[in-house]
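In: Fold the following, please.
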Amino acid sequence: MMKLDERGKQCPLPVIDAKKALEACAPGEIVEVTVDNEIAVQNLSKLASHKGLASRFEKVGDREFVVSIEAGEKNVAKTGNSADGASAAGQAEPSSEDEVSCQPDSRRRGMVAVISSNQMGQGDEALGKLLMKGFVYALTQQDVLPETVLLYNSGAFLSCEGSENLEDLKNLEAQGTEILTCGTCLNHYGLGDKLKVGSVTNMYDIVERMTGAKLLVRP
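Out: Next up, the predicted model:
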């Protein structure tokens, strides 16, 4: 077992350290990560889920959580699209661009909408919020939707309780768009328990999505 004490470390350090530890472990070995907030627990659980690894967490103190992740085979994700079946048949796994679907995909693969504020543009606050509401609604009306919407800084307010953008973001999510909100930002604004659409993400994932995007859309 490998133990990491990540208490007091800001996002995305716990996720990055856990990722490095998992890559150094043998299959079946456990990486045990101690953190001091629930957002870090969610981010670590998300890392495990993304890699197809078994994980669990336990609250062991007032501000102390232990997340255990079991290391898996290198470069093999335990998902329905894993390469195991293709390898066994002696065939190469098709890329995500070549996957066959019985229904048209209304999302543009690699298009990421980045929203870093609850207002659009500079100037009057009320106008900025009105414009942002219009922007998010307009996204839902496009023939091709973004694959992912990233929300950070005050953009985190858009996916939380009381937001006038919730209905439109839920509409996007229902059509297959992934809605991701920065966990550090939720904590900063006291919104940790107010998220109403999508899921929590971290800065490592945000940078990975942005650098890997084919098209970035910013209001």
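In: OK, contacts around residue 137?
Out: Going by C-beta atoms under 8 Å, 6 or more residues apart in numbering, residue 137 touches residue 168. All C-beta atoms are positioned from the backbone trio N, CA, C, and that covers glycine.
In: and the helix or strand containing it, which residues are buried?
Out: Using DSSP states H and E, residue 137 sits in helix 125-140. If you call a residue buried by 16 or more other C-beta atoms under 10 Å, then helix 125-140 has these buried ones: 128-129, 131-133, 135-136, 139-140.
In: Do a quick rundown of the helices in this structure.
Out: According to DSSP state H, the chain carries its helices in the segments 13-24, 38-50, 84-88, 125-140, 166-174, 183-188, 203-211.
In: Please give the centre-to-centre distance between the longest one and its chain.
Out: Here helix 125-140 is found 23 Å from its chain centre; the criterion is C-alpha atoms, centre = their mean, to the nearest Å.
In: between that helix and helix 166-174, how many degrees?
Out: For helix 125-140 against helix 166-174, the angle by axes from the mean of the first three to the mean of the last three C-alpha atoms, to 10 degrees is 30 degrees.
In: Over to the second one?
Out: Computed with the same axes, to 10 degrees, the direction of helix 38-50 lies at 20 degrees from that of helix 166-174.
In: which strand is the longest one in the chain?
Out: If you go by DSSP state E, the chain has its longest strand at strand 107-115.
In: can you tell me which residues contact residue 41?
Out: So residue 41 contacts 35, 57, 65, 67 (C-beta under 8 Å, 6+ apart).
In: Was I right to think the second one contacts residue 48?
Out: No - in this structure residue 57 lies outside contact range of residue 48 using C-beta atoms under 8 Å: 9.8 Å.
In: burial of residue 13, as a residue count?
Out: For residue 13, the neighbour count with other C-beta atoms under 10 Å is 15.
In: Give me the distance between the nearest residue to it once chain neighbours are set aside and residue 35.
Out: Of all residues not flanking residue 13 in the chain, residue 6 sits nearest, at 6.6 Å (C-beta to C-beta, 6 or more residues apart in numbering). Going from residue 6 to residue 35 by C-beta to C-beta, to the nearest Å gives 5 Å.
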